[in-house]
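Chemist: Everything below, folded, please.
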Amino acid sequence: MQSVSHDSQTADLLDEQYANMVQEEKVIYQNDEMSHKSLEKTTSHETFQQKPIKEKIYAKTQIHGTYLIGENEKGMYMVDQHAAQERINYEYYKEQFSHLDLTMQPLLVPLQFEYPMSEFLILEERKGILEKVGIYLEVFGEHGYILRNLPLWMKKIDENIFVDEMVQEILKKNHLDVVALQEHAIATLSCKASLKANTYLSPSDMQTIFDNLMRCENPYVCPHGRPTILFYSDYELEKLFKRVV
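Modeler: Numbers count the residues shown, from 1 in each chain. Next up, the predicted model:
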């Protein structure tokens, strides 16, 4: 798939069609504002808003709460929303770790963790490496910890799941360097924060996924190698319906 310059009239028409679709569907979503705001946490990253879009694709609809359909003057696009969001998250978190900013934010409710004494003693020896991914555990009680802060850019994650994943990685591997732990953190954050199947999106949420996906360095596959987006040119669509030979 290669980017080409848009025909201005076609692009203007698509812009108008998309704007009309959004206006028509506002009524459907006006009673679901809180749900929509929660979805914004997983479909939008501020960093990505500053990157250029490789190719503009206009979101049209969603199928089975799992696949997104889009179009532009070149043809039709089908996106797996979970795989796409995983690619977006992966590139976002990879960039965060490559320029690691450990400016901390206090958690609204500190997290508490308790472990068997055998695991607690292992963590006491190895918890310094957790600080390299922004996890600062304070001893709390006889064999537990309390976590009061996390890096500011981690504000859109499930803190309990992330910390537990990192702790388990520390416990089960005798030799784990910082790079390996950071890679595991990126993979964990990418997957856990991604949209799941049967998650229904508003038109603006769908458009955000298309835009952010096309801001990625590699928008065509998820971190596991599965396709994120399929493309059918106008000719391929016409051929499928035997309108051309």
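Chemist: quick one: low-confidence ranges for the protein?
Modeler: By pLDDT under 70, the weakly predicted segments of the chain are 1-48, 155-156, 192-194, 196-197.
Chemist: What ranges does it have for its helices?
Modeler: 8-29, 33-43, 81-98, 117-130, 159-172, 178-192, 203-213, 234-240 (DSSP state H).
Chemist: Mind listing the strands the lengthiest strand in the chain pairs with, and their directions?
Modeler: Longest strand of the chain, by residue count under DSSP state E: strand 104-114. According to DSSP bridges, strand 104-114 forms sheet pairs with strand 144-151 (antiparallel).
Chemist: Pull the distance from the partner strand to the chain's centre.
Modeler: Here strand 144-151 is found 24 Å from its chain centre; the criterion is Cα atoms, centre = their mean, to the nearest Å.
Chemist: and if you look at stretch 231-242?
Modeler: Counting by Cα atoms, centre = their mean, stretch 231-242 comes out at 31 Å from the chain centroid.
Chemist: For that stretch, which outside residues touch it?
Modeler: For stretch 231-242, the external contacting residues (Cβ atoms under 8 Å, 6 or more residues apart in numbering) are Met1, Lys74, Gly75, Met76, Tyr77, Met78, Val244, Val245. For glycine as for every other residue, the C-beta is placed from the backbone atoms N, C-alpha and C.
Chemist: Recalculate using a threshold of 7 Å.
Modeler: Under the contact criterion Cβ atoms under 7 Å, 6 or more residues apart in numbering, stretch 231-242 has outside partners Met1, Lys74, Gly75, Met76, Tyr77, Val244.
Chemist: okay, how far is it across that stretch, tip to tip?
Modeler: 18 Å (Cα to Cα, to the nearest Å).
Chemist: swap in stretch 54-74?
Modeler: For stretch 54-74, the end-to-end distance is 14 Å (Cα to Cα).
Chemist: related to what we said a few turns ago, out of the contacts of stretch 231-242, which end up buried?
Modeler: For the contacts of stretch 231-242, a burial check counting by 16 or more other Cβ atoms under 10 Å picks out Lys74, Gly75, Met76, Tyr77.
Chemist: picking that back up, could you check the longest strand of the chain and say which residues are buried?
Modeler: In strand 104-114, counting by 16+ other Cβ under 10 Å, buried: Phe113.
Chemist: quick check: angle from it to helix 117-130?
Modeler: 160 degrees (axes from the mean of the first three to the mean of the last three Cα atoms, to 10 degrees).
Chemist: Can you name the residues in contact with strand 104-114?
Modeler: Under the criterion Cβ under 7 Å, 6+ apart, residues 140-141, 143-152, 155, 159-160, 163 lie in contact with strand 104-114.
Chemist: how does it look with 8 Å?
Modeler: Contact with strand 104-114 is made by 134, 136-137, 140-141, 143-152, 155, 159-160, 163-164, 167, as judged by Cβ under 8 Å, 6+ apart.
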